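Chemist: Okay, here's the prediction I keep looking at, along with the sequence it came from:
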Amino acid sequence: MMMGSEKDVGLEETQIFLPREEMENLALDEPFIAKSYGGDYRSAMSSLSDDHHPLSSSSASVITDGNGNDKSNGSDPLHSPPSYRDFKRNPSNLSENSFLDPPPYSNVIFTSFSGENGDSGNGSDPIPVSQYLKISVSNPQKEQEISSSLAPGGNTYVTYLITTRTNMPEFGSESGGVGSEFAVRRRFKDVVTLSDRLSDSYRGFFIPPRPDKSIVESQVMQKQEFVEQRRSALEKYLCRLAAHPVIKKSEELKVFLQVQGKLPLMPTTDVASRMFDGVVKLPRQLFGDSGRAVDPYEVVQPAKGGRDLLRIFKELKQSVANDWGGSKPAVVEEDKEFLEKKEKLHDLEQQLSNASQQAEALVKAQQDIGETMGELGLAFIKLTKFETEEAVYNSQRIRAADSKRIATAAVKASRFYRESNAQTVKHLNTLHEYLGLMLAVHGAFSDRSSALLTVQTLLSELSSLHSRAEKLETASSKIFGGDRSRSRKIEELKETIRATEVNKSVALREYERIKENNRNELERLDRERHDDFLNMLKGFVLNQVVYAEKISNVWAKVAEETSGYVKESNSN
Amino acid sequence: MITTQRSLSGSSQSPISPSTQPFLSVSVTDPVKLGNGVQAYISYRVITKTNLPEYQGQEKIVIRRYSDFVWLRDRLSEKYKGIFIPPLPEKSAVEKFRFSAEFIEMRRQALDVFVNRIASHPELQQSEDLRTFLQEDEENMERARSQEIGIFKKKPADLMQIFKDVQSKVSDVVLGKEKPVEESNPEYEKLKHYIFELEDHLAEAQKQAFRLVKRHRELGQSLSDFGKAIKLLGACEGNSLGKAFSDLGTKSEMLSVKLEKEAHNLLMNFEEPLKDYVRAVQSIKVTMVDRANAFRQQCELAETTRLKEISLDKLMLMRSERVGEAEIEYKELKADSEEATKRFETIVRLMNEEIVRFQEQKTSDIGLAFHEFAKGQAQLANEIANAWRGLLPKLEACSSSHT
């Protein structure tokens, strides 16, 4: 089932929540300094293609109406949500949101409690136009690599069509303008590149994790199934990026979504070539030319790959010294608040994981009961048909009529279970989403600790450089008339010290920057999590109420119709 | 406990005053585990209240076990061919399930229904074996029981045979062959087909009902687990949101209990009656076997008698001295043949009455089961709705508390 209409409907919902965000983003700040985030994790819950729905009709039991017609499509909540039209408040919101975003309708219900028939958000919202960034992934195609390798014919790979619709000025649209639509073809490798470049540029941010490479699955699964799984995962990923208040405006994302042809982002060079690089540089660094300081710009990146071998060694040595050495390093993670938060988040992650698991089990149990109810209904339909056809006695006809009532009610109830469960899946999906987000949090925290390590390493280096310089000066001062070779060395050392000082400042600044990013992201996480969880609870509970009422009514009617049998048995 | 107030003769319009109206009421209660290890078994208390003269006194209490019921069923099957003997619950299930509270309760209920159906059947209630069962002390009961084991067991082979007969009858008709030993009664044929197909449909419905019971239990379990997990998650959040999580978790656990209750209700009041229906149909099949056997016997004896008549005539023509002997044999055969015919015709007559009774009884039994099913489901759903609805105001209060 490809994109098309449901997707459009699903993405509409980001519109509703942007007004608030827009208000807060009006002040454009320099990059890397905290912005006030109004971004919306919620919108990360983009459309769930029905193909992946646990309840999609691959199951053996097909719910039929009395005539044996398959009703499963008719009751597809994505197409026809009749039950929610019962709630006549804000029908326009309901039709827009369909069931891709549970919270809005529940907001709608709640605001009507207070007598207002308003949208979510204040009525006095002055922002005329909200910004949107909608991305869809579709149309996988096989393509050939123009082979530069020895293999004849070259490798094939799959590309996906990435379609973007936006009115954000970053993408060339006029602010407040109509918006544009464009599309590019990208392969999975490009997504990996995008993800890596974002990790480099946005250290300290909670960057949504990209889909796995799934190498095993790609071998084991059916090709089509795998491609579809990947397509869906890619879409979710890109939509989450689009929902991040800072990353949605990144150059990397823009380039990924807009630039035709080859992706103009530097791919992560493979370790081998970096190793080669490193091998060339290493001897100089190891043998005496230790004056060679690392370029300041590189200090801003974590040490990785072959070029930074030396730096990796140094930082490793430092981290060992941190752990096992007697003395405390010069700068430590002192931010108590941060450490507390970290602890709490660890806790949260564990409970999220547990709750996420139980939610899945609950969904499965609801699905099962709905299915069995449906099969029960089917069995009674057959029984009814049989008894009706074979009836000789009037008692049989009466029995057939009763069994028909049961059959009809069971089939209806089964359908309600299914519809309700489809909603439950979407609501409880919030748990899964936040669990996935924990990965991003880990990434941001490790950015912080590796930046700290860099600072600590440089400080140690500085301290040892200073002590060497001191020693040389002392020794040189003992020689009357000056010590030309030593003086030269002292000069070189002082030069190195100066360069290292610069690096240290840069590294420290970077560390502070990352800390600030962490802090802002944590705030945003807390805020959004509170809202998202609350909406999840509301949506879940409301859904249960609505469907339990429907199911109760269906059965109450049958109980009424068969109440005569109770009097009968009592009088016997 | 079902009390029967029907008069024994079936004519219920006679103006007898309540105190003198004949009644026979039985209840099977109070299951108790006796014995140890492999020999352990359940005993039941059977309480009879009656004013019938054939019974010793107004009230009698005896202790019976499952095999006593089996004895009664077997005796009645032997003596009352043509009548659909009420079915018994199956012999024990898997070993470890045998003494579970639920199984014991299900069995007790089924045994109670069994005895009461016998007590309210116009013919069966007059059975001497019933009186033995309801009144004899345990020692005599055991003696009676051990005498009869094995003799009256219905062989499953017979049931298979009748099924094959039904099948082959169809094909024989198609092929133009008629087996001489089968009834060629089109109405009865229709009934046979009906009964066989009915069993399949009912078995399927019962299977789904049983599964539905299981699903209720599974849903209850997962709601309980989910509730616990949600409470733990809520502990990570603070303030009103945390409280909301905690309330939701509590509700979830509470509903889990209700689901378990409904599962039990479904089992006893919906699935069991369906199972009982299946058993009743199987009991009819047993009667059909009896009928087929009786028919075959009748035909065989009629044939043998005819041949004997022919040979007798021959002997008479030949003026053999064996005429006398042959005449006696012939007369005996003729009597047997007439008896066989009478037996067969009794079965046919009884069956015709029984089938009407059966259809009516089943409509009420199943109608009640349907009602209980619908009522249980409606109540459960209602409780679920109420429980969750109670949370809504609290959740609403949460929204305004946080920026």
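Modeler: Received it, and whenever you're ready, just let me know what you need. Everything numeric in this text was worked out from a predicted model, so none of it was measured. Residues are numbered from 1 along each chain as shown, chains lettered A, B, ... in the order given.

Chemist: who does the helix or strand where residue A:182 lies touch, helix- and strand-wise?
Modeler: Assigned by DSSP states H and E, residue A:182 belongs to strand A:180-187. With contacts taken as 3 or more C-beta pairs under 8 Å, 6 or more residues apart in numbering or on different chains; DSSP states H and E, strand A:180-187 sits against strand A:156-166, helix A:251-258. In this view, the C-beta of every residue, glycine as well, is placed from N, C-alpha and C.

Chemist: That strand pairs with which strands, and in what direction?
Modeler: strand A:156-166 (antiparallel) (DSSP bridges).

Chemist: And for the strand it pairs with, what's in contact with it?
Modeler: A:3, A:11, A:131-145, A:171, A:173, A:179-189, A:227, A:230-231, A:234, A:238, A:256-258 (C-beta atoms under 8 Å, 6 or more residues apart in numbering or on different chains).

Chemist: What's the end-to-end length of stretch B:34-41?
Modeler: 5 Å (C-alpha to C-alpha, to the nearest Å).

Chemist: residue contacts, residue 348?
Modeler: All of this refers to chain A. With C-beta under 8 Å, 6+ apart, residue A:348 has these contacts: A:438, B:233, B:236.

Chemist: meant chain B actually
Modeler: Neighbours of residue B:348 in contact, by C-beta under 8 Å, 6+ apart: B:82, B:291.

Chemist: Distance from the one helix or strand it maps to to the middle of the chain?
Modeler: Assigned by DSSP H and E, residue B:348 belongs to helix B:323-389. Remark: helix B:323-389 is offset 10 Å from the chain centroid, using C-alpha atoms, centre = their mean, to the nearest Å.

Chemist: Following element in sequence after that helix, please.
Modeler: Sequence order places helix B:392-399 as the next helix or strand after helix B:323-389, per DSSP H and E.

Chemist: CA-only coordinates of that next one in PDB, if you can.
Modeler: The C-alpha trace of helix B:392-399 is given here as PDB (Å, rounded to 0.1, in the frame of the first residue of the first chain):
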ATOM      1  CA  LEU B 392     -11.100  11.200  32.200                       C
ATOM      2  CA  PRO B 393     -11.700  14.100  34.600                       C
ATOM      3  CA  LYS B 394      -8.400  13.400  36.300                       C
ATOM      4  CA  LEU B 395      -6.600  13.400  33.000                       C
ATOM      5  CA  GLU B 396      -8.300  16.600  32.000                       C
ATOM      6  CA  ALA B 397      -7.100  18.200  35.200                       C
ATOM      7  CA  CYS B 398      -3.500  17.300  34.300                       C
ATOM      8  CA  SER B 399      -3.300  19.300  31.100                       C
END
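
Chemist: buried residues in it?
Modeler: By 16 or more other C-beta atoms under 10 Å in any protein chain shown, the buried positions in helix B:392-399 come out as B:392, B:395, B:396, B:398, B:399.

Chemist: which other helices and strands contact that helix?
Modeler: Using 3+ C-beta pairs under 8 Å, 6+ apart: helix B:392-399 touches helix A:102-113, helix A:484-561, helix B:239-266.

Chemist: Tell me the first helix or strand C-terminal of the first one.
Modeler: Just to be clear, that refers to helix A:102-113. Heading C-terminal from helix A:102-113, the first helix or strand you meet, by DSSP H and E, is strand A:133-144.

Chemist: Within its sheet, name the partner strands of that next one and how each one runs.
Modeler: Short version: by DSSP bridges, strand A:133-144 pairs with strand A:156-166 (antiparallel).

Chemist: Just want the angle from the strand it pairs with to helix A:251-258.
Modeler: Comparing the axes of strand A:156-166 and helix A:251-258 via axes from the mean of the first three to the mean of the last three C-alpha atoms, to 10 degrees yields an angle of 100 degrees.

Chemist: Neighbours of residue B:67, how many?
Modeler: By the criterion of other C-beta atoms under 10 Å in any protein chain shown, residue B:67 has 15 neighbours.

Chemist: do you know how far residue A:384 is from residue B:266?
Modeler: As for residue A:384, its distance to residue B:266 is 20 Å (criterion: C-beta to C-beta, to the nearest Å).

Chemist: Residue B:50 too?
Modeler: From residue B:50 to residue B:266 the distance is 34 Å (C-beta to C-beta).

Chemist: got the buried residues for stretch B:114-130?
Modeler: B:114-121, B:123-125, B:127, B:129-130.

Chemist: In PDB, list the C-alpha atoms belonging to it.
Modeler: Provided in PDB are the C-alpha atoms of stretch B:114-130 (Å, rounded to 0.1, in the frame of the first residue of the first chain):
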ATOM      1  CA  PHE B 114     -27.800 -35.100  34.000                       C
ATOM      2  CA  VAL B 115     -29.800 -36.400  37.000                       C
ATOM      3  CA  ASN B 116     -32.400 -33.800  36.800                       C
ATOM      4  CA  ARG B 117     -33.100 -34.400  33.100                       C
ATOM      5  CA  ILE B 118     -33.600 -38.100  34.000                       C
ATOM      6  CA  ALA B 119     -35.900 -37.200  36.900                       C
ATOM      7  CA  SER B 120     -38.000 -35.000  34.600                       C
ATOM      8  CA  HIS B 121     -38.300 -37.400  31.700                       C
ATOM      9  CA  PRO B 122     -41.800 -39.000  31.700                       C
ATOM     10  CA  GLU B 123     -40.400 -42.500  31.000                       C
ATOM     11  CA  LEU B 124     -36.900 -42.400  32.600                       C
ATOM     12  CA  GLN B 125     -38.100 -41.100  35.900                       C
ATOM     13  CA  GLN B 126     -39.900 -44.300  36.500                       C
ATOM     14  CA  SER B 127     -36.800 -46.400  36.200                       C
ATOM     15  CA  GLU B 128     -35.900 -48.700  39.000                       C
ATOM     16  CA  ASP B 129     -32.200 -48.100  38.300                       C
ATOM     17  CA  LEU B 130     -32.800 -44.400  39.000                       C
END
